[in-house]
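Undergrad: This is the structure alone, sequence omitted:
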């Protein structure tokens, strides 16, 4: 099972773009990369998922280089409500035994 | 879509008591997962069901823990003879394919 490494914390200001990079050197061929957001006392919430290149949805973009050994979650124009913990996960198609790391604590300041 | 629901949301119990938590997954999600999360850490995988079959169990799931999903719909997680170290948030998630949708969790405090 691939392990992920993320920065422990990041600070940003409202309106800025935030990029959180995750390394997963041992990612397997069939693994997908998924990012979750978690607020205190709530369950994680799915943000975005990808396999390669770039994926974009209404809340974020996910950039995955060709070697897939890392990925970058991009949050455009963050607001105070984006203050949360962000988890990067890699897992097989079935998502079994998903390993969460400690996550990245993002603090958005006014 | 009502999302994943978990009950109770909070549970306080005394050491040595048994507790049971319930998870209702999103309708038609055949996969169901249980996780445990302690303060400041990410969720840790406990077990996984596909329909009613329990296919994976973590080593974290000691013999005091048992999970069931009798009809392939809701699931229960029981902890027998609770210990203070069992205090944590217990999260349930369900999925059809890769994306897991989490419930709000049950916070357990063992006194």
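TA: Looks like it arrived, so ask away. Quick caveat: nothing in here was measured; it's all calculated off a predicted structure.

Undergrad: Where does the prediction get shaky in chain A?
TA: Where chain A drops to pLDDT under 70, the residues are A:1-2, A:93-97.

Undergrad: Tell me which stretches of it form strands.
TA: Listed in chain order, the strands of chain A (DSSP state E) span A:9-13, A:18-23, A:32-38, A:45-50, A:53-56, A:61-64, A:70-75, A:84-91, A:104-109.

Undergrad: Run through chain B and note the low-pLDDT ranges.
TA: Scanning chain B for pLDDT under 70 picks out the ranges B:1.

Undergrad: Flag every residue of it that's near chain A.
TA: Contact residues (Cβ under 8 Å from any Cβ of the partner chain) of chain B with chain A: B:4, B:31, B:33, B:35, B:40-45, B:48, B:55-56, B:58, B:89, B:91, B:93, B:95, B:97-105, B:107. In this view, the C-beta of every residue, glycine as well, is placed from N, C-alpha and C.

Undergrad: isn't residue A:87 right next to residue B:37, touching?
TA: No. At 10.8 Å, residue A:87 and residue B:37 do not qualify as touching, with contact defined as Cβ atoms under 8 Å.

Undergrad: So for those two, which sits in the more crowded spot?
TA: residue A:87 (26 against 19; other Cβ atoms under 10 Å in any protein chain shown).

Undergrad: what's around residue A:80, how many residues?
TA: Neighbours of residue A:80 (other Cβ under 10 Å): 11.

Undergrad: Please name the residues that touch it.
TA: Contact analysis of residue A:80 by Cβ atoms under 8 Å, 6 or more residues apart in numbering or on different chains lists A:14, A:108-110.

Undergrad: Over to residue A:38?
TA: Here residue A:38 is in contact with A:44-45, A:84-87, A:103 (Cβ under 8 Å, 6+ apart).

Undergrad: same for the one helix or strand residue B:54 maps to, what does it pack against?
TA: Element membership of residue B:54 [criterion: DSSP states H and E] is strand B:53-57. With contacts defined as 3 or more Cβ pairs under 8 Å, 6 or more residues apart in numbering or on different chains; DSSP states H and E, strand B:53-57 has these neighbours: strand B:44-50.
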